[in-house]
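Peer 1: fold the following and give me the result.
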Amino acid sequence: MKKFLIYIFLCLGLVTPLFAQEDTLSITPEVPLKEGVYLSFKDLQTNNPLTKENISSDADKSQSDFISKTLTNYKEIIFKYKGSQYRADVSKIWGYCQNGTIYINFKGQFCRVPMFGNISHFFATVVVTTYVSNYGGYGGGFYGGGMGMYGPSVPVKQNETHQFLLDFKTGEINECTPAYLESLLSRDIKLYAQYMDLKRKKRKELMILYIRRYNTNHPVVFMDPQSGQ
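Peer 2: Residues are numbered from 1 along each chain as shown. Sure thing, here's the model as predicted:
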């Protein structure tokens, strides 16, 4: 519980001033994340989602959860683009933005991204397989495998909540580990040096803090949809 409260505190401090660059749009109150469906990662990079107005639906589009309900209740969506009608498989949609928050389609689920930036942090439920020794004495063992006292290992699957990082530059998603964070922080030599000076235990404990510092030093900027740069 203590670690969760610390994480929430750091996330609340994430908002920082962002500055415009040539052929880019920065995340500011004037240019917020646009609400809609990201058919691809490039749609996020350009802040150019499919708007809910272009989605064909009988549901009330004024509802704040229209997008999440639509993607949950249907296997595909029908939308209009430049006068033509198209279909999109929900399982292949990259993600969406609703009420200013991004959701990533990852591991068959739309995961909320509470910390968005050049390095984004989020949680996802994954299936983990562990192997339990089939031990149960003679006469077939606990699982009835007939292998005596020491039978073969039995795979056991269970759901676990893991942390992941999204690299806004490439769209790559990897588990949130000190080693992967080091590779991302290496783009900022000064910050990387500070992080590497920490003891191994501290690197793990202060990951969220250094993600926040990196995002402060390197605010997200969107590519221009027209120029593609």
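Peer 1: per-residue confidence at the residue nearest to residue 60 when sequence neighbours are not counted?
Peer 2: Excluding its sequence neighbours, the residue lying closest to residue 60 (C-beta to C-beta, 6 or more residues apart in numbering) is residue 66, at 6.9 Å. Using the backbone N, CA and C atoms, a C-beta is placed for each residue, glycine as well. The model reports residue 66 with a pLDDT of 97.
Peer 1: again with residue 223
Peer 2: 87.
Peer 1: so it makes contact with residue 44?
Peer 2: No - counting by C-beta atoms under 8 Å, residue 223 sits too far from residue 44 to count as a contact (9.9 Å).
Peer 1: hang on, the earlier thing: pretty sure the residue nearest to residue 60 contacts residue 59?
Peer 2: Yes - using C-beta under 8 Å, residue 66 is in contact with residue 59, at 6.1 Å.
Peer 1: which residues touch the residue nearest to residue 60?
Peer 2: 52, 57, 59, 60 (C-beta atoms under 8 Å, 6 or more residues apart in numbering).
Peer 1: sorry, back to before: which of residue 223 and residue 44 has more neighbours?
Peer 2: The neighbour comparison of residue 223 against residue 44 (other C-beta atoms under 10 Å) goes to residue 44, with 27 against 17.
Peer 1: quick one: low-confidence ranges for this protein?
Peer 2: 1-31, 134-151, 227-229 (pLDDT under 70).
Peer 1: ranges for the strands of it?
Peer 2: Taking DSSP state E to define them, one finds strands in the chain at 24-26, 36-38, 76-81, 84-89, 95-98, 101-106, 109-113, 119-132, 154-167, 173-175, 221-223.
Peer 1: wait, which of these is closest to residue 210?
Peer 2: Smallest distance to residue 210 across the strands of the chain (C-beta to C-beta): 9.0 Å, for strand 119-132.
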